[in-house]
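>>> Okay, here's the prediction I keep looking at, along with the sequence it came from:
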Amino acid sequence: MPKNLNALRGVVPPVVTPLNADYTVDYPSFTRVIEHLIEGGVHGLFFLGSTSEVIFHDEATRDRILAHAIEVTAGRLPVLAGVVDPTTDRVIGHARRAASLGVDGIVVTAPFYTRTSQPETVDHFRYIAEASPTPVIAYDLPVSVHTKLARDTISTLAREGAIIGLKDSSGDTGGLRYVLSDLADLPNFFAMTGGELDVDGALLMGAHGVVPGLGNVDPHAYVRLYNAALQSNWAVARTEQERLCRLFEIVWIGTPRTSAGASGVGGFKTAMRAMGLIGTNTMARPQRSLNAEESARVEAIIRGVGLLA
């Protein structure tokens with residue numbers, strides 16, 4: 001039975017998809033990652049997001065990833081699925097398959113490659129909401145889809161009920177503040193930050209949680225930060241945030257030899273390999289994986305924050 005997402009709050013990591021050296025999905029490692037996150041106390045799991053390298057996986061692989069994730073999670077937490085593709089009808093196809101596999105909600109970006117206006121973007125979400133058997137969460141990701149979800153677009157869709165929540169990875173903290181203010185009278189709408197470096201500030205201004213890629217490496221710290229914020233213990237929240245900022249430096253180690261995305265997710269994977277969670281730090285092609293020298297630098301950072309003996 002799908003979980004009610006109206007009360008979704010807290011830490012919802014976008015789950016890394018471990019790969020074997022031959023670029024196939026490493027399902028035993030994937031199981032360990034899911035259990036690591038659940039043991040870390042997170043409040044939900046988001047599969048097939050950017051950190052999951054969703055756009056590199058074909059339809060059959062996406063379906064198998066979701067089926068495995070749902071089987072392992074076994075109803076313990078809400079499961080969200082990214083249904084990321086350039087155009088509306090392709091997204092609807094992903095959404096229907098995800099629903100048939102048993103996800104609790106879908107996460108949808110604006111269209112990309114096509115040059116789409118804000119009114120057309122509103123229609124995109126409306127069409128998907130009408131066709132989807134599960135609730136829709138908007139994913140504001142202009143760095144990848146090259147369209148920023150406008151303040152009025154989010155407000156319109158939320159008030160119509162076409163979306164029930166927002167993952168804001170735009171980097172526009174002021175814009176997120178306006179959305180929270182605009183929709184404060186909708187008690188079931190949630191807006192979460194996708195930024196890892198200023199979670200304490202986002203929670204202080206009213207965000208309902210965080211969707212942190214770095215949470216794959218250290219879910220416990222994000223949960224401690226979130227719990228401190230719930231208790232208005234902002235000194236503790238700041239201490240946790242500052243430690244996570246030091247840990248976050250793993251995401252820059254691969255550049256400029258790799259792309260920013262490969263350096264970031266590659267940093268997570270390299271840390272998780274060192275921690276014994278996954279077997280390789282392989283990135284989907286054509287992204288470059290972190291090399292031995294870069295991996296040593298990642299290991300020094302995670303050791304410095306206490307994640308390696």
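Yep, that arrived. Numbers count the residues shown, from 1 in each chain.
>>> mind checking which helix or strand Ile106 is in?
With elements taken from DSSP states H and E, the one containing Ile106 is strand 105-108.
>>> Ala81 looks like it's in a strand, true?
Yes: per DSSP: H, G, I helix; E, B strand; the rest coil, Ala81 lies within a strand segment.
>>> That one and Ile34, how far apart?
14 Å (Cβ to Cβ, to the nearest Å). All C-beta atoms are positioned from the backbone trio N, CA, C, and that covers glycine.
>>> Same drill for those two, tell me which one is more crowded.
Comparing Ala81 with Ile34 by other Cβ atoms under 10 Å, the one with more neighbours is Ala81, at 31 against 22.
>>> what sits against that one?
Phe46, Phe47, Leu48, Leu66, His94, Ala98, Leu101, Val103, Gly105, Ile106, Val107 (Cβ atoms under 8 Å, 6 or more residues apart in numbering).
>>> In contact with the last one, which residues?
I take that to be Val107. Phe46, Gly49, Leu80, Ala81, Gly82, Val83, Val84, Val136, Ile137, Ala138, Tyr139, Lys167.
>>> What residues does the closest residue to the second one other than its chain neighbours make contact with?
This means Gly49. Counting by Cβ to Cβ, 6 or more residues apart in numbering, Pro14 is the residue found nearest to Gly49 once chain neighbours are left out, at 3.6 Å. For Pro14, the contact set (Cβ under 8 Å, 6+ apart) comprises Phe46, Phe47, Gly49, Ser50, Thr51, Ser52, Gly82, Gly194, Val211, Pro212, Gly213, Asn216.
>>> go on, Thr282?
By Cβ under 8 Å, 6+ apart, Thr282 lies in contact with Leu19, Asn20, Ala21, Tyr23, Lys269, Ser289.
>>> repeat for Leu45
Counting by Cβ under 8 Å, 6+ apart, Leu45 touches Val12, Pro13, Val15, Ile34, Leu37, Ile38, Ala69, Thr73, Leu77, Pro78, Val79, Leu80.
>>> Name the residues linked to the last one by a beta bridge.
When you say that, I think you mean Leu80. Per DSSP bridges, residues listed as beta-bridge partners of Leu80: Phe46, Gly105.
>>> Need the per-residue pLDDT for it.
Turning to Leu80, the model gives it a pLDDT of 98.
>>> And for it, the neighbour number?
Residues contacting Leu80 under the criterion other Cβ under 10 Å number 30.
>>> before we move on, what about the first one?
Other residues within reach of Val12 by the criterion other Cβ under 10 Å amount to 31.
>>> State the distance from it to Ile65.
Per Cβ to Cβ, Val12 is found 17 Å from Ile65.
>>> thinking again about what came up before, can you flag the buried ones in the contacts of Val107?
Among the contacts of Val107, the ones that count as buried by 16 or more other Cβ atoms under 10 Å are Phe46, Gly49, Leu80, Ala81, Gly82, Val83, Val84, Val136, Ile137, Ala138, Tyr139, Lys167.
>>> Now flag whichever of these is closest to Arg151.
Closest approach to Arg151 among the buried ones among the contacts of Val107 (Cβ to Cβ): Ala138, at 12.1 Å.
>>> so is that closest one in a helix, a strand, or just coil?
Reduced to three states by three-state DSSP, Ala138 is strand.
>>> Who is it paired with across the strands?
Beta-bridge partners for Ala138, by DSSP bridges, are Val108, Leu166.
>>> now stretch 145-162, how far from the chain's geometric center?
18 Å (Cα atoms, centre = their mean, to the nearest Å).
>>> if we can go back for a sec, for the buried ones among the contacts of Val107, which one is nearest Arg115?
Closest approach between these and Arg115, by Cβ to Cβ: Val84, at 17.9 Å.
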